[in-house]
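Engineer: okay, predicted coordinates and the sequence, questions at the end:
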Amino acid sequence: MDVVALGELLIDFTENGISSQGNPLFEANPGGDMMLTEEEIPEELILETRIFHFGTLSMTHENVRRATKKAVAIAKQAGAIISFDPNIREPLWNSMDEAREQVLYGLGQCHILKISDNEIQWLTGKNDYTEAVKWIREKYDIPLILVSMGKEGSRAYYQDRMVEKAPFINENTIETTGAGDTFCACVLHYICKYGLENLTEKNLKEMLTYANAAASIITTRKGALRVMPRPEEIEALIVGHH
């Protein structure tokens with residue numbers, strides 16, 4: 001097994017999933033994420049994985065929080081690469097202080113951090129992304145930090161390098177549901193293929209280009225999991241922009 005991800009289930013009950021402010025609308029309280037128990041953690045599956053990915057949607061309530069931390073401990077015991085995406089949804093938390101506490105736990109566990117522009121500003125109090133990454137790195141040893149910046153593209157911070165790639169702006173965009181998850185999945189796919197050691201600037205540019213292209217495609221479709229782009233679609237978009 002290459003990647004095990006602790007699921008993030010949000011059910012869209014709106015006609016097109018978009019609020020009047022342009023943000024996705026979800027129903028997730030209660031959701032499947034908060035029902036997971038420690039006894040349901042698939043230990044043998046996790047022990048076989050190369051990458052374990054989790055976020056805070058499975059950390060909003062005490063029972064599932066314990067289950068998540070158990071799963072992370074098993075993955076670390078197995079020597080897996082740990083990937084973390086805060087993916088903060090404010091309405092799901094009793095307080096943002098509680099959310100912050102769980103995000104800091106995630107930072108302390110991961111080798112790969114994917115974090116959005118608004119999340120890193122909220123967490124660090126810094127508007128400059130490089131300064132925000134420096135704030136994180138002063139406290140946590142995270143080899144690869146990815147900042148997704150929406151219409152501004154994305155950045156990868158690895159060792160002493162920062163690489164930025166422009167987005168693939170798509171005039172057919174209808175919603176952004178799943179764009180961050182698609183981006184992160186493509187990054188993990190790349191790491192599965194090339195590993196996390198000795199990544200070059202060329203590697204980082206390829207990784208971000210592929211992830212940006214995939215995220216762009218999914219914004220043209222309603223939904224997320226069932227409409228993930230195929231590799232050939234992503235590659236065709238990249239070729240078409242060159």
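Structural biologist: That came through, no problem.
Engineer: host element of Cys186?
Structural biologist: Using DSSP states H and E, Cys186 maps to helix 179-194.
Engineer: center of this protein, which residue is that?
Structural biologist: Centre of the chain computed as the mean C-alpha position; nearest residue by CA atoms, centre = their mean is Asp85, 3.9 Å away.
Engineer: and that residue, how far from Glu235?
Structural biologist: 24 Å (CB to CB, to the nearest Å). Quick note: C-beta positions are derived from backbone N, CA and C, even for glycine.
Engineer: equivalent analysis for Glu171, please.
Structural biologist: Between Glu171 and Glu235 the computed distance is 20 Å (CB to CB).
Engineer: these two: who's more crowded?
Structural biologist: More crowded of Glu171 and Glu235, by other CB atoms under 10 Å: Glu235, with 13 against 5.
Engineer: related to what we said a few turns ago, list the residues that contact the residue nearest to the centre of the chain.
Structural biologist: Asp85 sits next to 53-55, 113-115, 180-181, 184 when contact means CB atoms under 8 Å, 6 or more residues apart in numbering.
Engineer: quick check, nearest of these to Leu36?
Structural biologist: Phe54 (11.1 Å; CB to CB).
Engineer: which residues touch that closest one?
Structural biologist: 5-6, 68, 71-72, 82-85, 106.
Engineer: which parts of the longest helix seen in the chain are buried?
Structural biologist: Criterion DSSP state H: the longest helix present in the chain is helix 201-218. By neighbour count on 16 or more other CB atoms under 10 Å, the buried set for helix 201-218 is 203-204, 206-218.
Engineer: over to stretch 51-58?
Structural biologist: For stretch 51-58, burial by neighbour count (16+ other CB under 10 Å) applies to 51-58.
Engineer: return the distance of that stretch from the chain's centre.
Structural biologist: Centroid separation between stretch 51-58 and its chain, computed with CA atoms, centre = their mean, to the nearest Å, is 8 Å.
Engineer: C-terminal to the lowest-mean-pLDDT helix or strand in the chain, what's the next element?
Structural biologist: Across the helices and strands of the chain, mean confidence by mean pLDDT, DSSP states H and E is lowest for strand 3-5: a mean of 80. Per DSSP H and E, the first helix or strand lying C-terminal to strand 3-5 is helix 43-47.
Engineer: for that next one, packing partners?
Structural biologist: With contacts taken as 3 or more CB pairs under 8 Å, 6 or more residues apart in numbering; DSSP states H and E, helix 43-47 sits against helix 62-77.
Engineer: what are the contacting residues of the helix it packs on?
Structural biologist: Contacts to helix 62-77, defined as CB under 8 Å, 6+ apart, come from residues 4, 6, 33-38, 40-41, 43, 46-47, 49, 52, 54, 58-59, 82, 102, 105, 109.
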